[in-house]
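**Q** compute the structure for the input listed below.
(chains A and B)
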Amino acid sequence: DGGITQSPKYLFRKEGQNVTLSCEQNLNHDAMYWYRQDPGQGLRLIYYSQIVNDFQKGDIAEGYSVSREKKESFPLTVTSAQKNPTAFYLCASSMQEQETQYFGPGTRLLVL
Amino acid sequence: KQEVTQIPAALSVPEGENLVLNCSFTDSAIYNLQWFRQDPGKGLTSLLLIQSSQREQTSGRLNASLDKSSGRSTLYIAASQPGDSATYLCAVRRSQAGTALIFGKGTTLSVSS
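**A** Next up is the predicted model:
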């Protein structure tokens, strides 16, 4: 069953802690993306990757880091430098030539 | 800077009604436009994608149109059903290669039975 999985569904972060959100896809997609969604807001791009071992900052990359060591995986780390991390995080992927982006179920990050 | 606006922010209709959701964007130099559906607390489901060279796309009861020159797109839903209740998001892809989507804030639709 092809698709995008994100884990965990809920994540709690303590003050000063780094946390990592997982995103895996078995669609053989080249491009992967991380978006952040706040209540009543549209999605905003954090980072994206067009190919393995390469990634680009989006509009709100400060306080976040990513890696793309494998085609299937694009984990996002929320660092302690991100002062307002509470949000719904969505991962997406696409084939370059198809353009349609497919989204995972999301991870909700809360601060303790 | 590209901005995407969706009006109205919320819409309530009785079951069976036809309705139109609006999306406008400030820079007409887009690569394509995509409509998504989002259920509460869930990820996004792609509904329709319109390339910049196309005028409309249809899928079942959904029809999306694109007028690039005026910076507008509409999503038409025919014979609405309670199961259509969700937030509908419009997103444009910039012309440059290797960039991602720019989203509107969405229209939350409620269809009552």
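**Q** roughly how far does residue A:17 sit from residue A:35?
**A** 22 Å (CB to CB, to the nearest Å). (C-beta placed from N, C-alpha, C; glycine too.)
**Q** and residue A:92, by the same measure?
**A** Where residue A:35 is concerned, residue A:92 sits at a distance of 7 Å (CB to CB).
**Q** do the same with residue B:9
**A** Noted for residue B:9: a distance of 20 Å to residue A:35, by CB to CB.
**Q** go on, residue B:51?
**A** 22 Å.
**Q** likewise for residue B:112?
**A** Look at residue B:112 and residue A:35: by CB to CB, they are 31 Å apart.
**Q** give me the more crowded residue out of these two.
**A** residue A:35 (28 against 11; other CB atoms under 10 Å in any protein chain shown).
**Q** does the more buried one belong to a helix or a strand, and which?
**A** Element membership for residue A:35, per DSSP states H and E: strand A:31-37.
**Q** after that strand, next one along is what?
**A** Per DSSP H and E, the first helix or strand lying C-terminal to strand A:31-37 is strand A:43-51.
**Q** quick one: contacts of that following strand?
**A** A:30-38, A:55-61, A:64, A:66, A:68, A:74, A:76, A:89-90, A:96, B:44, B:89, B:91, B:98-103 (CB atoms under 8 Å, 6 or more residues apart in numbering or on different chains).
**Q** and the strands in chain A?
**A** Assigned by DSSP state E, the strands in chain A fall at A:4-7, A:10-13, A:19-25, A:31-37, A:43-51, A:54-57, A:64-66, A:76-78, A:87-94, A:102-103, A:107-111.
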